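S.K.: Got a predicted model here, sequence first, then my questions.
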Amino acid sequence: MKFPFFVLGAVILLAGCQSTAFDLKDDVLFQQTIPVCSSDEECARIWQAARQWVMKATPQGLAIDTDERLQTNPADDESFLWETDITVNKVPLGNGKYRIVMETWCSMTINNCDAERRLMRQFNKDMAAYAPATQSQEVMRIFAEGDDMNALFSSYATSLTEDGLRRHAQKYYLPTTVISGDSVRQLATSDEIVAFLKKTRADLGEREIARIEADKRQLLSSGKTTAIVKLQWKFYDAGDDLLYTQPATYTLIKVGKAWKIMSVSIGD
């Protein structure tokens, strides 16, 4: 979704001290709630709140404290459990608007970075209290509803049976356009969707698929009721060995509160 006061499609990289990148491009909830200020007064209020938030979030203090950037002193290598490297940038959007983007640092050689992901989301949620009322209300609504785009892709990830495929087929907005190489066709019924999904998996090979995962998900663009998402499907066998990967790009439409697939491009 895209709102006047949020910026979507931001690429946020969290690089660990071991040069290990932790990528939040797939975190739609974080992207949808990045605070945006539209006047000097709004920006000063959110920036002051951001400074206080960072100082409370970690004890090492600020190495950089300007009107455009907040950055903590480096965390002690022995204190990663209670110190966190945090940066907040004031990023210009034009026309006097700025987004306030919080980043933190995480080494995936030490942990899975879930805490850092939660911290970044919490920053956006807490900054909503200092945003205009309409923006604040929208942020809280988004957090309350959660990221229902996850439900769309997890539906396919768990559709390993005929019944599962048919349930997932209900998440397509008919007619659906399918692009594969030079082939472009439309699927007009749920039966055609199921047949397409079966053939797609059959084309991957003969080995039995036991698990499917949506990896490297990127929100390329978004509007209030439309979105374009690129990802890589990973297919695993019963021993959890990776069998195949398949890149795909989806054009989505939001119907009510749920995302549906309008088109899919395979292999790009």
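M.R.: Yep, that arrived. Just so we're clear, the structure is a prediction, and the values are computed from it rather than from any experiment. Numbering: from 1, shown residues only.

S.K.: which residues of the stretch 51-200 of the chain fall in strands?
M.R.: Here the stretch 51-200 of the chain has its strands, by DSSP state E, counting those that start in this stretch, at 62-65, 69-72, 86-94, 97-104, 172-180, 183-187.

S.K.: how near is the closest residue to residue 164 other than its chain neighbours to residue 152?
M.R.: Computed as Cβ to Cβ, 6 or more residues apart in numbering, the closest residue to residue 164 that is not its neighbour in sequence is residue 158, at 6.1 Å. No exception for glycine: its C-beta is placed from N, CA and C like everyone else's. Look at residue 158 and residue 152: by Cβ to Cβ, to the nearest Å, they are 12 Å apart.

S.K.: more neighbours, these two?
M.R.: Neighbour comparison, residue 158 and residue 152: the larger count goes to residue 152, with 19 against 13 (by other Cβ atoms under 10 Å).

S.K.: mind listing what that one touches?
M.R.: Applying Cβ atoms under 8 Å, 6 or more residues apart in numbering to residue 152 gives the contacts 171, 252, 258-261.

S.K.: Roughly how far does it sit from residue 264?
M.R.: 12 Å.

S.K.: Residue 49 contacts residue 124, doesn't it?
M.R.: No - assessed by Cβ atoms under 8 Å, residue 49 is found out of contact with residue 124, at 11.8 Å.

S.K.: who's more crowded, those two?
M.R.: The residue with more neighbours, out of residue 49 and residue 124, is residue 124; 23 against 18, by other Cβ under 10 Å.

S.K.: and the residue lying closest to that one once chain neighbours are set aside, how many neighbours?
M.R.: Counting by Cβ to Cβ, 6+ apart, residue 33 is the residue found nearest to residue 124 once chain neighbours are left out, at 4.0 Å. Per other Cβ under 10 Å, the neighbour tally for residue 33 reads 24.
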